[in-house]
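No sequence on hand, only this structure:
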């Protein structure tokens with residue numbers, strides 16, 4: 001069962017996928033048939049921040065060897 005609810009407004013560069021609404025709808029349908037096991041897969045496609053090359057090295061959180 002694929003859920004494709006969308007938000008009319010979206011913050012910044014994020015997509016308009018309504019993750020919370022899709023999950024709530026999924027749970028409502030899953031609760032209708034308690035005899036069947038279910039799984040909900042959330043596949044993240046959006047970064048938590050924009051990519052900035054070299055930021056790990058500058059912040060000294062990663063050692064990157066070439």
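Good, I have the coordinates. Computed from a prediction, not measured in an experiment: that's the story for all the values here. Numbers count the residues shown, from 1 in each chain.

longest helix in the chain, by residue count?
Using DSSP state H, we find that the single longest helix of the chain is helix 19-32.

buried residues in that helix?
The neighbour-count check on helix 19-32 (16 or more other C-beta atoms under 10 Å) flags 22, 26 as buried. Where you see a C-beta, it was placed from the backbone N, CA and C, and this is true even at glycine.

Just to check, residue 16 is in contact with residue 4?
No - using C-beta atoms under 8 Å, residue 16 is not in contact with residue 4; the gap is 10.6 Å.

which strands and helices sit next to the lowest-mean-pLDDT helix or strand in the chain?
Within the chain, no helix or strand scores below helix 55-58, which has a mean of 73 by mean pLDDT, DSSP states H and E. Contact partners of helix 55-58 among helices and strands, from 3 or more C-beta pairs under 8 Å, 6 or more residues apart in numbering; DSSP states H and E: none.

how distant is that helix from the center of its chain?
Chain-centre distance of helix 55-58: 25 Å, with C-alpha atoms, centre = their mean, to the nearest Å.

ditto for stretch 22-40
On C-alpha atoms, centre = their mean, the centre of stretch 22-40 falls 18 Å from that of its chain.
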